[in-house]
Structures are given as structure tokens and as C-alpha cells.
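[1] sequence and computational prediction follow.
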Amino acid sequence: MTLKIHIDDSAAPYEQVRAQISEQARSGVLPVGYRLPTVRGLAESLGLAANTVAKAYRALESDGVIETRGRNGTYVAAAGSAAERELASAAQAYAERARRLGMAEEQASAAVRDALRAAYGQG
């Protein structure tokens, strides 16, 4: 198993790095505990600036996909459960906020569907 990243002109390079590592981690191509290259090492191999890769790593860490263990390196985290807990927490907070705003369940659901379509580029 090896990290494979292809950068093209379809989106910002950091977003491509983030999305491809996230997908490979969630699909199991990169197993939990897989050690990722250093920021500098990955940047050099992809022909990107180190800040670009660092931005992607920060976003991935924030999403719970990877974890940095100081000088020991950066690893694929047990992200599924952490990401699912965070998603459930965000959904619960949204549902409570929608109820406090007096929105009907269908209105709240429609707002989520619209936001998801926009976020996933289907809107």
C-alpha cells in the first residue's frame, strides 16, 4: 500500500491533497496507522510548496483523518468513528438550532439537502 496523489488543474492543490488522502484513508487503501510522508517530503514529490501540503495536513487533522505525533510523524487515524461522532454532534446541534428558530422538520431537512448539494458540487 502506498499513498498515491495526482494533482491536476481541477481544484486547488491543497484541496486535491486533502481529498485524496481522506478518500484513501476512509476506503482503507491507507490503513489506520499508515505513516504519511513528511510535509516537506510530500511537497517535493508532488512539486508543491510545503505550505500547500501543510494546509492539507492541518485540514485532515482537524477532520480527524490523520493525527500528528510530534517528531514521530503523521499517521492515518482511526478516523471513521471520530468523524462519525463529529458528524452526529454537528447534526444534533443543527437540529436543536432549527427547532429553536421555529423551523418545521421539512424546512430544516430541505436546508440540509440544499447545503449538501452545494458542498458536493451538485447544486
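    Arrived safely, thanks for sending. Numbering: from 1, shown residues only.
[2] what's the next secondary structure element after the lengthiest helix in the chain?
    Looking across the chain with DSSP state H, the single longest helix is helix 79-100. Once the chain leaves helix 79-100, the next helix or strand it forms, by DSSP states H and E, is helix 105-119.
[3] tell me what that next one is packed against?
    helix 79-100 (3 or more C-beta pairs under 8 Å, 6 or more residues apart in numbering; DSSP states H and E). Every C-beta, even on glycine, is put in place using the N, C-alpha and C of the backbone.
[4] repeat the analysis, applying 7 Å as the threshold.
    The criterion is 3 or more C-beta pairs under 7 Å, 6 or more residues apart in numbering; DSSP states H and E, and there are no helices or strands that helix 105-119 contacts.
[5] that one: which residues count as buried?
    The neighbour-count check on helix 105-119 (16 or more other C-beta atoms under 10 Å) flags Ala108 as buried.
[6] re the thing from before, outside of the longest helix of the chain, which residues touch it?
    Defining contact as C-beta atoms under 7 Å, 6 or more residues apart in numbering, one finds that helix 79-100 is touched by Ala25, Arg26, Asp63, Gly64, Val65, Ala108.
[7] does the first one touch Thr74 like I think?
    Translated: Ala25. No: if you go by C-beta atoms under 7 Å, Ala25 and Thr74 don't touch, sitting 11.5 Å apart.
[8] more crowded one of these two?
    When Ala25 and Thr74 are compared on other C-beta atoms under 10 Å, the one with more neighbours turns out to be Ala25, at 27 against 21.
[9] please parse this structure into its domains.
    Domain segmentation of the chain under automatic domain parsing yields 13-77, 80-119.
[10] would you mind measuring from Ala56 to Arg97?
    Relative to Arg97, Ala56 is positioned 30 Å away (C-beta to C-beta, to the nearest Å).
[11] settle it for me: which of those two has more neighbours?
    Ala56 (27 against 11).
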